[in-house]
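> model the structure of this input:
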Amino acid sequence: MAAERSEVTTPRPRRFLRGLALQLGLLVAVLAVFEVGLRAIDLRFLREGHRIGHSMAYNYDAEIGWLPVPNSRSLFTGLRTVTVSHNSLGLRDTEPEASRGRTILFVGDSFVWGYDVEAADRFTDRLRRELPQHRIVNAGMAGYGTDQQYLLLRRLWDRIRPDVVVLVFCVDNDRRDNSTNSRYDGYYKPYFAAGPDGVWRFQGQPVPKSRQIRFREEWIARNSWVARVLVSAYVQVRHPAIWVPDPTERLIGMIRELSVSRGAKFLVGMQHRESQLEKFLNAQDIAYASFDGAEQFQGDGNHWTTKGHGLVAERLKELLTRSGMVP
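This next block holds a predicted model:
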């Protein structure tokens, strides 16, 4: 009797294993079909990088969000393809050298960084040629809001020790940048907002890693687009976009306070005129210039052309002269 029961029940584990193997095989086949399909469709959302980080050699930064790899060199294609070289500080600029004159530091976003133009055509490089007795430093970062610019300035201060800080404000998008924790296809950044206790502080730090960073760092996401779908869903659910009241004027005030408290002059350049910001600058007695009329490319952010950078350089030189910073 025992032997007969053994003969009847023995095939069951084998049937179970065969069924399990069949299910796993079907699952692998379905995943393979999805993998091939996703690669063929080539959704931009699943690419390893877009804009920031794709061809500009950016690293994840837990405090600021992203920062270029020091001493890196690459090509970047927006509307045009340009050469991008970063110095030892991660700035798209020459190495800072000692100067007998004043050090003038420019902070801002892609307009300062020089989107779609070669480095030599930017307004900072033009000013460097026109004001050889001074040290001109370009600390523009593509995609940065005023909040990130403040954090970067604080980090760079002891390395640069500027005598003049010029904030170049992008009217078109800086307010949006300052009001959220996620910009430019899902790259995370810190944000400045009032906490439950009413105290304003930087939040969202350490900055979450975007899906693009995970695509690059995690082996399975690097090699499987199906895994990228799952990673993207996880990141989206775990770190949803947050919007807060616009803190722009507070942030500009903080950059001014940081600069003045350390003995530097603070000035502002505006992409074009904006009454809200002008009202604040006038009330705070902050000297500024606007760059209305600067020639722009059409599309992909409408950044300044080489000719546009020439006009910006002229108006900044006038601002610096009017403020007594250059002869």
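> and the residue nearest the centre of the chain, how close does it get to residue 225?
When the chain is reduced to its mean C-alpha position, the closest residue under CA atoms, centre = their mean turns out to be residue 143, at 3.7 Å. According to CB to CB, to the nearest Å, residue 143 and residue 225 sit 25 Å apart. C-beta here means a position set from N, CA and C on the backbone, and glycine is covered the same way.
> repeat that for residue 324.
58 Å.
> more crowded one of those two?
Per other CB atoms under 10 Å, whichever of residue 324 and residue 225 has more neighbours is residue 225, with 20 against 9.
> that one contacts residue 46, doesn't it?
Yes. Assessed by CB atoms under 8 Å, residue 225 is found in contact with residue 46 at 5.4 Å.
> pLDDT below threshold where in the protein?
Applying pLDDT under 70 to the chain picks out residues 1-10, 27, 30-31, 34-35, 38-39, 42-45, 49-56.
> how about 80 then?
Under the criterion of pLDDT under 80, the regions of the chain flagged as low confidence span 1-57, 98-100, 225, 327.
> look up phi and psi at the residue nearest to the centre of the chain.
According to degrees, to the nearest 10, the main-chain angles of residue 143 amount to phi 90, psi -10.
> just residue 105 next, same as before
Backbone geometry at residue 105, expressed as degrees, to the nearest 10, gives phi -110, psi 130.
> name the nearest residue to it, sequence neighbours excluded.
With CB to CB, 6 or more residues apart in numbering as the criterion, residue 105 has its nearest non-adjacent residue at 3.7 Å, and that residue is residue 162.
> any idea which element that neighbour lies in?
Element membership of residue 162, judged by DSSP states H and E, is empty: it is in no helix or strand.
> that one touches residue 106, doesn't it?
No. Residue 162 lies out of contact with residue 106 (CB under 8 Å); the separation is 9.3 Å.
> ok, residue 274 - contacts?
When contacts are counted by CB atoms under 8 Å, 6 or more residues apart in numbering, residue 274 touches residue 171.
> what's the distance between it and residue 141?
Relative to residue 141, residue 274 is positioned 21 Å away (CB to CB).
> partners of the helix or strand hosting residue 269 in the sheet?
According to DSSP H and E, residue 269 maps onto strand 265-270. Strand 265-270 has its sheet partners listed here by DSSP bridges as strand 164-169 (parallel), strand 288-290 (parallel).
> most tightly packed of these?
Comparing the strands paired with strand 265-270 by mean neighbour count (mean count of other CB atoms under 10 Å), strand 164-169 ranks first with a mean of 25.
> contacting residues around it?
The contact list for strand 164-169 (CB under 8 Å, 6+ apart) reads 102-109, 111-112, 140, 146, 149, 153, 252, 255, 259, 264-271, 277, 316, 319-320, 325.
> right, and the helix or strand after it?
Next along the chain after strand 164-169, with elements defined by DSSP H and E, is helix 174-178.
> and that next one, what does it pack onto?
Secondary-structure packing of helix 174-178 (3 or more CB pairs under 8 Å, 6 or more residues apart in numbering; DSSP states H and E): helix 146-160, helix 248-261.
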